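Student: From the sequence below, what's the structure:
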Amino acid sequence: MTTGLQTLVDGLAFPECPRWHDGELWLSEKRAGRVVAISETGDVRSVVAVPGGPGGLGWTPDGELLVLDMSARHLLRLEVDELMVVADLSEVTVGRCNDMVVDRQGRAYVGHFGYDLLGGAPAAPATLVLAQPDGAVSTVADDLHFPNGCELTADESTLLVAESAANRITEFDVRADGSLGERRAFAELGAAIPDGIALDAAGGLWVSDPVGCALLRVERGGAVTERVSTAPAGAFACALGGDDGRTLFTCLYTEQASQLTDGAPPIGSVVTMRVDVPAAGFG
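Tutor: Purely as a prediction, here's the structure:
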């Protein structure tokens, strides 16, 4: 059983893409154009500004921060106080880059919109891109409908991707070279729109639904074992962390995705909830 939602911090300008790392919750504060790290007591520190809008986060094997510049479609690495371009993704992505997951070798799996959403273009399928630590870029999956939150299993043998526009979670086998093999449906979600996701040690997946204003714990095959309302705020992303991996951090925002505009006020927050099953890789 989960316990109730508790506010960790509020007044954020659209928090997204959370990751638990080195005892802090790191996230992209999109409307503020920066990456922040938040302690378990709610202290917020600014890490780095990303002028093109920060997206997905990860780390190199040496512990250097990786962050997507959504507008420029660059994968960046923070070296001391300066962001350096690791990979230019602009030739293999469309619209804006979005979320990503980074494996233990520093390889980044990156999603993108697939079309100019903000410019009013019609919806179109997108791809998943693999950026190597040396900057080499390749397309590893196609025909994805707005790929969003991504997770790797603890042994890094399987990659899970939320397809927001298809209302499903898709999984792929991961080959030794980082390329992707067989594609399967992990779960069809009906009316729920998956955004950010978080994998637990029992193979269940916490799914944030920004339009349905809910958190769902979903098992392979689609069974929903828990549903937590976040109304009136939309749940855009979530991450499992804390000292024991049993704290679910969720990024909330009070406008739905179709209504987000530049210059929106800082009305986002991060809430926490204690859960029974820890993050994948704990325990």
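Student: can you tell me how far Glu188 sits from Ala136?
Tutor: Going from Glu188 to Ala136 by Cβ to Cβ, to the nearest Å gives 34 Å. For every residue, glycine as well, the C-beta is placed using N, CA and C.
Student: Could you check which of the two has the larger neighbour count?
Tutor: Neighbour totals were compared for Glu188 and Ala136, and Glu188 leads with 13 against 10 (other Cβ atoms under 10 Å).
Student: mind listing what that one touches?
Tutor: Counting by Cβ atoms under 8 Å, 6 or more residues apart in numbering, Glu188 touches Asn167, Arg168, Gly222.
Student: Please pick the buried ones from those residues.
Tutor: The neighbour count (16 or more other Cβ atoms under 10 Å) marks Asn167, Arg168 as buried among the contacts of Glu188.
Student: Over to Ala165: give its phi and psi.
Tutor: Main-chain dihedrals, Ala165, degrees, to the nearest 10: phi -80, psi 0.
Student: Count residues in the vicinity of it, would you?
Tutor: Counted with other Cβ under 10 Å, residues neighbouring Ala165 total 18.
Student: That one touches His145, doesn't it?
Tutor: Yes. Assessed by Cβ atoms under 8 Å, Ala165 is found in contact with His145 at 3.9 Å.
Student: any chance of the contacts of Glu188 in CSV, plus pLDDT, secondary structure and distance to Arg175?
Tutor: CSV is the format used below for the contacts of Glu188 (pLDDT from 0 to 100; DSSP: H, G, I helix; E, B strand; the rest coil; distance: Cβ to Cβ, whole Å):
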residue, pLDDT, secondary structure, distance to Arg175
Asn167, 97, coil, 28
Arg168, 98, strand, 23
Gly222, 96, coil, 26
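Student: ok so, going back, overlap in contacts, Ala165 and His145.
Tutor: Common contact partners of Ala165 and His145 (Cβ under 8 Å, 6+ apart): Ala123.
Student: show me what contacts Leu83?
Tutor: Leu83 is in contact with Val48, Val50, Val67, Leu76, Arg77, counting by Cβ under 8 Å, 6+ apart.
Student: ok, now with 10 Å
Tutor: Going by Cβ atoms under 10 Å, 6 or more residues apart in numbering, Leu83 touches Val35, Val48, Ala49, Val50, Pro51, Leu65, Val67, Asp69, His74, Leu76, Arg77.
Student: what's across from it in the sheet?
Tutor: Here Leu83 sits in beta bridges with Leu78, going by DSSP bridges.
Student: Could you check the pLDDT of the residue nearest to Pro51 when sequence neighbours are not counted?
Tutor: Excluding its sequence neighbours, the residue lying closest to Pro51 (Cβ to Cβ, 6 or more residues apart in numbering) is Gly33, at 5.9 Å. At Gly33, the pLDDT value in this model is 96.
Student: and Gly33, how many residues sit next to it?
Tutor: Gly33 is flanked by 16 other residues according to other Cβ under 10 Å.
Student: which residues does it contact?
Tutor: Ala13, Val48, Ala49, Val50, Pro51, Gly52, Gly53, Pro54, Asp69.
Student: Please apply the same query to Cys213.
Tutor: With Cβ under 10 Å, 6+ apart, Cys213 has these contacts: Val228, Ser229, Thr230, Ala231, Pro232, Ala233, Gly234, Ala235, Leu252, Thr254, Gln256.
Student: Just the buried residues of these.
Tutor: Val228, Thr230, Ala233, Gly234, Ala235, Leu252, Thr254.
Student: Contacts only, for the third one.
Tutor: Okay, so that is Ala233. 5, 210, 213, 250-256, 267-269, 271.
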